[in-house]
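Student: whatever this is, show me its structure:
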Amino acid sequence: MPRPPAAVVMLSGGLDSAVALYWARAQGYALLPLSIEFTGRPARELEAAAAVAREAGAGPLSKMPLPFVRLAHELPSYKAPKRPVPYGYIPLRNLLFYTLAAYHADANGARFVVGGQLLEDAQDFPDASQKYFGEMNGLIARSTDGWSLAGPPLVKLPLSDLKKEEVVVMGVRLGVPFELTWSCWRDGAEPCGTCLSCNDRREAFEKAGIRDPAGPRV
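Tutor: Predicted coordinates for the structure are as follows:
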């Protein structure tokens, strides 16, 4: 019996990446979760990623530390930008992260790299659109030059046509343990409930008409 294709899943510990992981599981892929660690990332987010991976029955969470990577607002060159930079923006983020994920996939014989980018992400960030990732897939294919036994890793974005409330609905249907996820930009015993990410999460659950199992403050 042929082995199922493997997929490296970019798992941050947040709502969207958890749904992407469970989507990949529903496709029958062998799951290789990968989490990128960068300076300023909440420790609770990484703990959430590990917990979600265990609950999904995925392979061990691989952690890739990139201590030199920081949020743009922490970089001296972004202290006085020409136009406002969204909080959470990291220069070249997806080019860097997904290139490393594609290498990880290629090194482990995985056919796919799965990410949790949403429809709204492409509106705020220049490197989150389907067009951008289509071009990246072309570069990945050229970079492996046919040598990969499983074929060049292909980036898949199953949530890229969905709004966040639609992702919540999908997650409920797939049985995603939302109570294990962490969306807050800050560390703590509980989410702060006031940052942009907490507000986006609360609004998504409200629009979906679903109670957030992580609690009323999220």
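Student: quick check: residue 214 vs residue 21, distance?
Tutor: 17 Å (C-beta to C-beta, to the nearest Å). C-beta: built from backbone N, CA, C; applies to glycine.
Student: apologies, that question was intended for residue 135.
Tutor: 25 Å.
Student: within the sheet, what are the partner strands of the top strand by length along the chain, with directions?
Tutor: Identified as the longest strand of the chain according to DSSP state E is strand 30-38. Its sheet considered, strand 30-38 pairs with strand 6-10 (parallel), strand 62-66 (parallel) by DSSP bridges.
Student: hang on, the earlier thing: and residue 214 and residue 21? Which one has more around it.
Tutor: Between residue 214 and residue 21, counted using other C-beta atoms under 10 Å, the more crowded position is residue 21 (27 against 22).
Student: so who does the closest residue to that one other than its chain neighbours touch?
Tutor: Excluding its sequence neighbours, the residue lying closest to residue 21 (C-beta to C-beta, 6 or more residues apart in numbering) is residue 9, at 4.8 Å. Residue 9 sits next to 17, 20, 21, 24, 31, 32, 33, 34, 58, 113, 114, 115 when contact means C-beta atoms under 8 Å, 6 or more residues apart in numbering.
Student: what ranges do the helices span in this protein?
Tutor: Assigned by DSSP state H, the chain shows helices spanning 15-26, 43-56, 93-107, 119-124, 130-144, 164-174, 196-208.
Student: buried sites along the fifth one?
Tutor: To tie it back to what came earlier, the one meant is helix 130-144. Under the neighbour-count criterion of 16 or more other C-beta atoms under 10 Å, helix 130-144 has 132, 133, 136, 137, 140, 141, 144 buried.
Student: now the third one
Tutor: Of the residues in helix 93-107, those buried by neighbour count under the rule 16+ other C-beta under 10 Å are 93-94, 96-106.
Student: list of residues touching the helix or strand bottoming out on mean pLDDT in the chain?
Tutor: Least confident helix or strand of the chain, by mean pLDDT, DSSP states H and E, is helix 119-124 with a mean of 87. For helix 119-124, contacts defined as C-beta under 8 Å, 6+ apart pick out 86, 128, 129, 130, 132, 159, 160, 161, 162, 163, 164.
Student: check the offset of that helix from the chain's centre.
Tutor: Between the centre of helix 119-124 and the centre of its chain there are 14 Å (C-alpha atoms, centre = their mean, to the nearest Å).
Student: same deal with stretch 83-103?
Tutor: The chain centroid and the centroid of stretch 83-103 are separated by 11 Å, computed with C-alpha atoms, centre = their mean.
Student: what do you get for stretch 68-86?
Tutor: Offset of stretch 68-86 from its chain centre (C-alpha atoms, centre = their mean): 21 Å.
Student: same deal with stretch 182-196?
Tutor: Remark: stretch 182-196 is offset 17 Å from the chain centroid, using C-alpha atoms, centre = their mean.
Student: which parts of it are buried?
Tutor: So for stretch 182-196, counting by 16+ other C-beta under 10 Å, buried means 182, 183, 184, 185, 191, 195.
Student: leaving aside the residues adjacent along the chain, what's closest to the fourth one?
Tutor: This points to residue 185. residue 195 (4.6 Å).
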